[in-house]
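Q: no FASTA, just this:
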């Protein structure tokens, strides 16, 4: 059995994270309020999410549609915005649209078209991020940078979708400094793309996780996805 963090520990962790976020932002000459904390709650129980919300968390991210489908009704009384931060299968697009307030992992035209179709049918506008693949790892999803302009233009043309920003998952490195170039590159891609497409600045940048979020903030992250540092180790699968 792993260590179980209770509400007091999670509240303490959240406040410490807020302090580290603020310090990283200030080091980069940014305002702390420019950076949002998203609780990456894959595999975590609803009681932990509830404790984090009581401490101030307002964004939660799930990797799997079916996990959000189970959790969201149990937390419907909370002021939470739900983000999909995992790979979206095309047959889950309609269900994802109904469960999530924002989808961070649009990486191909096919999925954008499906989301557009269902969003239009349901009379809503869905904010999305484009997921960018910056390393040639087969396990990482995302659109290659060279395909991004065409994908972005397509998303902008499709009814029912609003392009808000970019997201990436860089390779894991023990030393966060080794990941800095990936974060810097995503910011540069965002800047060039937003200028080319005449989009309103600044576009959102979802990048940085528990072990490297401070470096990501120094390089321009507007949203960091934090799991174990906030919620503790995920319970073992039974």
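A: Sure, I can see it. Because the structure is a prediction, the values reported are computed rather than measured. Numbers count the residues shown, from 1 in each chain.
Q: use CA for all of it now, contacts and neighbours both
A: Will do.
Q: which regions of this structure lie under the pLDDT threshold?
A: For the chain, the stretches flagged by pLDDT under 70 are 1-4, 138-139, 236-238.
Q: For residue 109, which non-adjacent residue is spatially closest?
A: Across the structure, with CA to CA, 6 or more residues apart in numbering as the measure, the residue nearest residue 109 apart from its sequence neighbours is residue 151 (6.2 Å).
Q: pretty sure the one you found contacts residue 110?
A: No. The pair residue 151 / residue 110 is not scored as a contact, 10.0 Å apart, by CA atoms under 8 Å.
Q: neighbour-wise, which of these two wins?
A: Set residue 151 next to residue 110 and count neighbours by other CA atoms under 10 Å: residue 151 wins out with 20 against 12.
Q: quick one, what contacts the more buried one?
A: Residue 151 sits next to 107-109 when contact means CA atoms under 8 Å, 6 or more residues apart in numbering.
Q: Among those, which ones are in strands?
A: With strands identified by DSSP state E, none of the entries of the contacts of residue 151 belong to them.
Q: for these, which one is nearest residue 175?
A: Proximity of the contacts of residue 151 to residue 175, judged by CA to CA, is greatest for residue 107, which lies at 27.6 Å.
Q: so who does the closest one touch?
A: Taking CA under 8 Å, 6+ apart as the definition of contact, the neighbours of residue 107 are 130-132, 141-143, 151.
Q: if I look at it, how far off is residue 223?
A: For residue 107, the distance to residue 223 (CA to CA, to the nearest Å) stands at 18 Å.
Q: again with residue 213
A: Distance of residue 213 to residue 223, given as CA to CA: 9 Å.
Q: anything in contact with each of these two?
A: Common contact partners of residue 213 and residue 223 (CA under 8 Å, 6+ apart): residue 207.
Q: that older thread, and the contacts of residue 151, which of them are in helices?
A: The helices, defined by DSSP state H, take in residue 109 from those.
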